Structures are given as C-alpha cells and as structure tokens.
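In: have a look; sequence and predicted model below, questions after that.
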Amino acid sequence: MSPVADELRSCYRCDYETTEPLDKCPRCGQRLRSARQVRRLGWVLTILGVFLVAFMGTITVYITRIIAQTDEPGAATRFTGGPEMLLFMYGLFGFVILFGLIAMAGGIWQIKYGKRNRKLAYIILGLGVIFLLIGWLVRLLR
Ligand SMILES: [Zn+2]
C-alpha cells in the first residue's frame, strides 16, 4: 500500500511528524507509520491492556477468596504461604494490573490522536524491563 498524501504519518523512534507521502523518516531512517497503522496498533494495545487487567483481576479475586476461607474448617483449598508470600503476590498482581491500565491508556491515546504518546510508551517499556528484572531476580533467589 503506497502512502496517502495529507494523512498524518509519524516516526515511532524520533516522533517526527509529516503529512508528506514519505515511506521513511528523513531524520532517522525508521519506517514511518500512518495514522491508520498507529490506530490499529492502538487497538491491539488497548485489547491487550483490557485482557491483562481482567485476567489479573480475576486471579486476584480468586486467590483472595482462597485466603479468606483458609481458616474455615473443611475448606477445599488452603493458602499455605507466609505474609511475605502474600505481599509478593499482591505486589505482582498490582504491577501487572498497572501495566495493563497504562497499556490501555496508551492504546486509547493512539486511537484518538493517530500517533504514539512517547511518555506512555517509555513508561510501558520501563515497566516491562522492571517486570523482566523481577522475574530474573526471583529465579536467582530461589
Ligand atoms: Zn524518525
């Protein structure tokens, strides 16, 4: 598909913007994305965010229910971890939910404006790196 003139095209790397029908960014050489492509990616990001929040929310509710009934006699499932384990688990759940919410915000922004929100993109990237680091640390400490 050839670029359409007058459509906003932006660079994902340096945020260059133009309405010229260019294929590549004249500033950094990265492929330019049309507003339509950015919006499509925005939908993907939004759906991913909604899925993460719904998924993690469901797990949080489920685990909380198990913990709440642990002291009841005859409970089918019991939580056997300590308070550190609880703190770690809820921290992790909260982190993933936060990640999902920010992904949603970034996605909605892209759908609305047809370009990327650089700050949100950096936050998402930063959180992703932190998440990987935590996973790596947990494996190391085990
Ligand atoms: Zn560029």
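Out: The structure has been received and is ready for your questions. Numbers count the residues shown, from 1 in each chain.

In: please compute how far the longest helix seen in the chain lies from its chain's middle.
Out: In the chain, with assignment by DSSP state H, the single longest helix is helix 35-68. In terms of Cα atoms, centre = their mean, to the nearest Å, the centre of helix 35-68 is found 8 Å from the chain centre.

In: relative to helix 35-68, how tilted is the helix or strand following that helix?
Out: Toward the C-terminus, helix 35-68 is succeeded by helix 83-113 as the next helix or strand (DSSP states H and E). With axes from the mean of the first three to the mean of the last three Cα atoms, to 10 degrees defining the directions, helix 83-113 sits at 160 degrees from helix 35-68.

In: for whichever helix or strand comes after helix 83-113, give the mean pLDDT please.
Out: Next in sequence after helix 83-113, counting helices and strands by DSSP H and E, comes helix 118-141. Across helix 118-141, pLDDT averages out at 87.
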